[in-house]
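Participant: Fold the stuff below for me.
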Amino acid sequence: MGGILRRSDEQGFYLPAPHQFAEVVAVLSSYKAGAPETGIMGRPGAFTITHCISYRRELNMRSSSIRLALVAAATVAATTGAQAARTIDLSKLSPAQQAHHAKVQAKQRAVKPEYNYDIKPPVLKAVNTGGKVNAALKNAQAVVGLGIVDNLSGIDSVSVVLESPSGQQASTTWSPGLESTRYQVQIGVDMSDATENGTWRILAVTLQDANGNSSYYGADTLAALGHTTFVVYGAAGDQTAPEVVAGGAVLTPVVSRSTPPRGMLPGSYARVGLQLNVLDTGASGIQSVSAEYCLNEYWDCFYVSGNVPVRGTSSATLMLGGHVYDWQSVGTYTPYSISVYDHAGNGRTYYYWETDFASLIDSPNVEIVE
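Facilitator: Model prediction:
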């Protein structure tokens, strides 16, 4: 074995020659716990694991393959020694020593990890709904009670979907102000736009915690957790889309793309405005209106929009606003489409190939200049 070692004059111990590292690896791999550190090679001062670690700087000057072989050998030897050191022959211990050893092992297993990371989704423990819902009321709601728990990060959002006998759906999403690991919550689902009477059910519930873990509960699973059906009556609903009527106007017929709006710094995008008259004969009321203006039909476009946040508005003159960007082409922009929606989700879209926008908007075009 001495043939594979060479003397390091300045340090006073043996180091292997570069071409002999494979044999050193085999020697170190056979090292057993308790062997004298200076006697691995059979004589004092021979190469040891301690030397392997202490003189890595010198080894860094050698090829990467040599360094990797030496580190791998040290790891194998250290692991083998540590495993041997931990092996205890319980038959040689007294009953009292065996009991103490068992307590120590149990305590080690009970130590908590350094990072207690939440990887478990929230759990739905109970669900309850029932009774009757008069959908003819303006603010009709179906109330769903849920019992939810989460192990660590806390509940972040809850989504509920209801279903009618024929498949019509109503849904809502609820989020707490502060995440908590336990909630008994009642969630109201708007039913004022329901168009079908009869027995509805809770179709699905989705839970998500603050760490992004989520769980989904379908109708069958929910039915096993509690009462999931209720009766709807008086449903007439709103199935009529709103419409745009005559009398609209372009508020900014000429827009300079390089001129910032009044009171704003250079570089701010120019504003463009449109005014539209909208009617809704349904019960829910106007919700939103948007318009798209394009150059050469659809090549270069800008958008304007407006909304009514309060339900029940049957008629309104809405001001729509948007921006013209400095990269947009100069030229005459004409209406490409106008879309209008109510709070029940009914919508109508007018396209340029089927609509005379001049009948809805006086002088409907917008000129963009430099």
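
Participant: Can you give me the pLDDT of the residue nearest the centre of the chain?
Facilitator: Note on the chain: the residue nearest the mean C-alpha position is residue 212, at 5.9 Å, using CA atoms, centre = their mean. pLDDT, residue 212: 89.

Participant: Confirm it sits in a helix?
Facilitator: No. Counting by DSSP: H, G, I helix; E, B strand; the rest coil, residue 212 is not part of a helix but coil.

Participant: which residues does it contact?
Facilitator: Counting by CB atoms under 8 Å, 6 or more residues apart in numbering, residue 212 makes contact with nothing. Any C-beta I mention is one placed from the backbone N, CA and C, and that applies to glycine too.

Participant: do the same with residue 181
Facilitator: Contacts for residue 181 (CB under 8 Å, 6+ apart) come out as 149-152, 154-155.

Participant: Can you mark which positions in the strand or helix carrying residue 160 are buried?
Facilitator: Per DSSP states H and E: residue 160 is located in strand 155-163. Under the neighbour-count criterion of 16 or more other CB atoms under 10 Å, strand 155-163 has 155-163 buried.

Participant: Tell me which other helices or strands it touches.
Facilitator: Judged by 3 or more CB pairs under 8 Å, 6 or more residues apart in numbering; DSSP states H and E, strand 155-163 is in contact with strand 141-149, strand 169-174, strand 182-190, strand 198-209.

Participant: Out of those, which gets nearest to residue 246?
Facilitator: Smallest distance to residue 246 across the helices and strands packed on strand 155-163 (CB to CB): 32.7 Å, for strand 182-190.

Participant: so what strands line up beside that closest one?
Facilitator: Take DSSP bridges as the rule and strand 182-190 pairs in its sheet with strand 141-149 (antiparallel).

Participant: got the angle between the strand holding residue 160 and strand 141-149?
Facilitator: If you take axes from the mean of the first three to the mean of the last three CA atoms, to 10 degrees, strand 155-163 sits at 140 degrees to strand 141-149.

Participant: Name the residues that touch strand 155-163?
Facilitator: So strand 155-163 is contacted by 122, 142, 144, 146, 148, 169-176, 179-181, 183, 185, 187, 189, 191, 200-210, 219 (CB under 8 Å, 6+ apart).

Participant: repeat for stretch 298-309
Facilitator: Stretch 298-309 is contacted by residues 272-274, 276, 285-295, 316, 318-325, 328-329, 331, 333, 336 when judged by CB under 8 Å, 6+ apart.

Participant: and what of stretch 251-265?
Facilitator: Stretch 251-265 has contacts (CB under 8 Å, 6+ apart) with 266-275, 319, 324-326, 328, 330, 363, 365-370.

Participant: now with 6 Å?
Facilitator: Under the contact criterion CB atoms under 6 Å, 6 or more residues apart in numbering, stretch 251-265 has outside partners 266, 268, 270-273, 275, 324, 326, 328, 367-370.

Participant: Could you export it as CSV, CA atoms only?
Facilitator: What follows is stretch 251-265 as a C-alpha-only set of coordinates in CSV (Å, rounded to 0.1, in the frame of the first residue of the first chain):
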residue,chain,number,x,y,z
LEU,A,251,-66.4,63.9,-27.3
THR,A,252,-62.9,64.1,-28.8
PRO,A,253,-63.3,64.2,-32.6
VAL,A,254,-59.6,65.2,-33.2
VAL,A,255,-56.9,63.7,-31.0
SER,A,256,-53.2,64.6,-31.1
ARG,A,257,-51.2,61.4,-30.2
SER,A,258,-48.2,63.4,-29.1
THR,A,259,-50.0,66.0,-26.9
PRO,A,260,-50.5,64.9,-23.2
PRO,A,261,-53.9,65.6,-21.6
ARG,A,262,-54.3,69.0,-19.9
GLY,A,263,-52.4,69.2,-16.6
MET,A,264,-50.3,66.1,-17.2
LEU,A,265,-46.6,65.6,-17.9
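
Participant: Can you list the buried residues in it?
Facilitator: Buried residues in stretch 251-265 (16+ other CB under 10 Å): 252, 255, 257.

Participant: sorry, back to before: pLDDT and distance to residue 346 added to the contacts of residue 181, as a markdown table?
Facilitator: As requested, the contacts of residue 181 are exported to a markdown table (pLDDT from 0 to 100; distance: CB to CB, whole Å):
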| residue | pLDDT | distance to residue 346 |
| --- | --- | --- |
| 149 | 93 | 39 |
| 150 | 90 | 38 |
| 151 | 87 | 43 |
| 152 | 86 | 43 |
| 154 | 88 | 38 |
| 155 | 91 | 34 |
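
Participant: closest to residue 226 among those?
Facilitator: residue 149 (15.0 Å).
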